[in-house]
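Participant: need a 3D model of the following:
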Amino acid sequence: MLDYDREAASYDATRGGEARAGAAAEAIERLLPPGARVVVDVACGTGIVTTRLRRAGRLVAGVDRAAGMAAVAASRLPGGVVRGDAARLPFAGGSADALTMIWLLHLLDHDTSAAVLAGAARVLRPGGTLITTVDKTDAVYRAGDERLSRARDAHVPQASDALDRVLDVGAGCGLAMAGRTTFAGVGQGRSPRAWGDLLGGTGLGWTRHADPAVVAGLREHLAGLPGQDVPGPDPVYTLLALVKA
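Facilitator: Below is the predicted model:
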């Protein structure tokens, strides 16, 4: 996992910046209930999305475990950011109308992601809404090369943020699906050369379990594609809304 303290200063510039944040915030707004007055952005990172959720009459708070990320977020939302663990949110039960989790669950193991969903349910008031990304890494691969995507699918277990799993675990916490939408990960499309470099390094954990000949074949395939340095399509991410009974 990334060292988010070290990455904080350059994180936005390497993750699509303002354009990606704007697309994410617009998608969140499509799922937020109109009457939401208290919104908590869990694992808010640099706060680049969090700050876009502020509206007149709406209190928005960010929480992040990494000190570096929280410091950057606090510069955007003075007094509106706290450090805390997503599995043990520092908020009273039933205190929020909505919680958002953008690109969090896929980073966690199954037990921790279940604890995070249960914690979200605790903090939400009855009728409150949790908005979370699902199938994050699947979206990245779907936007890339189909042969690469199939190889990866054959070597990974069900992700912690898999749609079906989130719905199942959420149901056990009293959370039911209420809607979904999508948004583009602006600037996150990878070129064939970039994918090949990842395969040749240590950035793709699943390759450690794959036949080296399969990985070598994928690298050869990617190297033969046209437009070696032309980024592919941006991944299209899915946002899910779950309502607490």
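
Participant: does the spatially most central residue of the chain belong to a helix or a strand, and which?
Facilitator: Centroid-nearest residue in the chain, with CA atoms, centre = their mean: residue 103, separated by 0.9 Å. Using DSSP states H and E, residue 103 sits in no helix or strand.

Participant: mind checking how far it is from residue 139?
Facilitator: Residue 103 sits 10 Å away from residue 139, going by CB to CB, to the nearest Å. Glycine gets a C-beta too; all of them are placed from N, C-alpha and C.

Participant: check which element follows the lowest-mean-pLDDT helix or strand in the chain along the chain.
Facilitator: Within the chain, no helix or strand scores below helix 4-7, which has a mean of 63 by mean pLDDT, DSSP states H and E. Remark: after helix 4-7, the chain's next helix or strand is helix 17-31, criterion DSSP H and E.

Participant: residues touching that following helix, excluding its own?
Facilitator: Residues outside helix 17-31 that contact it (CB atoms under 8 Å, 6 or more residues apart in numbering): 12, 48-49, 52-53, 100, 102, 129, 131, 178-188, 237, 239, 241.

Participant: hmm, which of the residues you listed are the buried ones?
Facilitator: Buried subset of the contacts of helix 17-31 (neighbour count, 16 or more other CB atoms under 10 Å): 12, 48-49, 52-53, 100, 102, 129, 131, 180-181, 183-186, 188, 237, 239, 241.

Participant: narrow those to those in strands?
Facilitator: Within the buried ones among the contacts of helix 17-31, residues falling in strands by DSSP state E are 100, 129, 131, 180-181, 183-184, 237, 239, 241.

Participant: quick check, nearest of those to residue 230?
Facilitator: residue 184 (17.1 Å; CB to CB).

Participant: so which residues of this structure form strands?
Facilitator: Using DSSP E, strands in the chain cover 38-42, 59-64, 81-83, 96-101, 124-134, 175-184, 236-244.

Participant: show me what the second one is packed up against.
Facilitator: To tie it back to what came earlier, the one meant is strand 59-64. With contacts taken as 3 or more CB pairs under 8 Å, 6 or more residues apart in numbering; DSSP states H and E, strand 59-64 sits against strand 38-42, helix 67-76, strand 81-83.

Participant: about what we covered before: indicate which one of the strands of the chain is closest to residue 151.
Facilitator: strand 236-244 (20.7 Å).

Participant: with just CA atoms, put stretch 131-149 into CSV.
Facilitator: Taking C-alpha atoms only, stretch 131-149 is exported to CSV below (Å, rounded to 0.1, in the frame of the first residue of the first chain):
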residue,chain,number,x,y,z
ILE,A,131,-22.1,6.5,-1.0
THR,A,132,-19.1,4.4,-1.9
THR,A,133,-17.2,3.4,-5.0
VAL,A,134,-17.3,-0.3,-5.9
ASP,A,135,-15.3,-2.5,-8.4
LYS,A,136,-12.6,0.1,-8.5
THR,A,137,-9.7,-2.0,-9.8
ASP,A,138,-12.0,-3.8,-12.2
ALA,A,139,-12.8,-0.5,-13.8
VAL,A,140,-9.2,0.3,-14.3
TYR,A,141,-8.6,-3.0,-16.1
ARG,A,142,-11.8,-2.8,-18.2
ALA,A,143,-10.5,0.5,-19.5
GLY,A,144,-7.2,-1.1,-20.4
ASP,A,145,-6.4,-4.1,-22.6
GLU,A,146,-9.0,-6.9,-22.8
ARG,A,147,-6.3,-9.7,-22.8
LEU,A,148,-4.6,-8.1,-19.7
SER,A,149,-8.0,-7.8,-18.0
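
Participant: no more questions from me, cheers.
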